[in-house]
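Engineer: A structural model of the following input is requested.
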Amino acid sequence: MDQVEYSLDATGLVCPEPLMLVRNKVREMRTGDVLNVTATDPSTQRDLTNFCRFMGHQMLSHELTDGIHHYRLRKG
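Structural biologist: Take a look at the predicted model:
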């Protein structure tokens, strides 16, 4: 089965909206699929890190560029 990549734009949203959107999107995905998330709320770093740890997903990367957080998550 090939890996599928999804994208989610949560820029301009504040906690808890980005996390809720990520949770809903991950529910639609299959194990091994990757979600690319962009967000501007700094609390998403803590929220998405904890979400991955507690739910068994993998944080592949996090970069901060010009105030925009870029995340890559793999569904566990």
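Engineer: in which helix or strand would I find the nearest residue to Met59 once chain neighbours are set aside?
Structural biologist: Excluding its sequence neighbours, the residue lying closest to Met59 (CB to CB, 6 or more residues apart in numbering) is Cys52, at 4.7 Å. Backbone N, C-alpha and C define where each C-beta goes, glycine included. Assigned by DSSP states H and E, Cys52 falls within helix 43-55.
Engineer: Quick one: name whatever helix or strand follows that helix.
Structural biologist: Remark: after helix 43-55, the chain's next helix or strand is strand 58-65, criterion DSSP H and E.
Engineer: so that next one versus helix 43-55, what angle?
Structural biologist: Strand 58-65 runs at 170 degrees relative to helix 43-55, counting by axes from the mean of the first three to the mean of the last three CA atoms, to 10 degrees.
Engineer: what does the very next helix or strand once past strand 58-65 contact?
Structural biologist: Next along the chain after strand 58-65, taking DSSP H and E as the criterion, comes strand 68-74. Applying CB atoms under 8 Å, 6 or more residues apart in numbering, the set of residues contacting strand 68-74 from outside is 11, 22, 26, 32-42, 44-45, 48, 52, 57-64.
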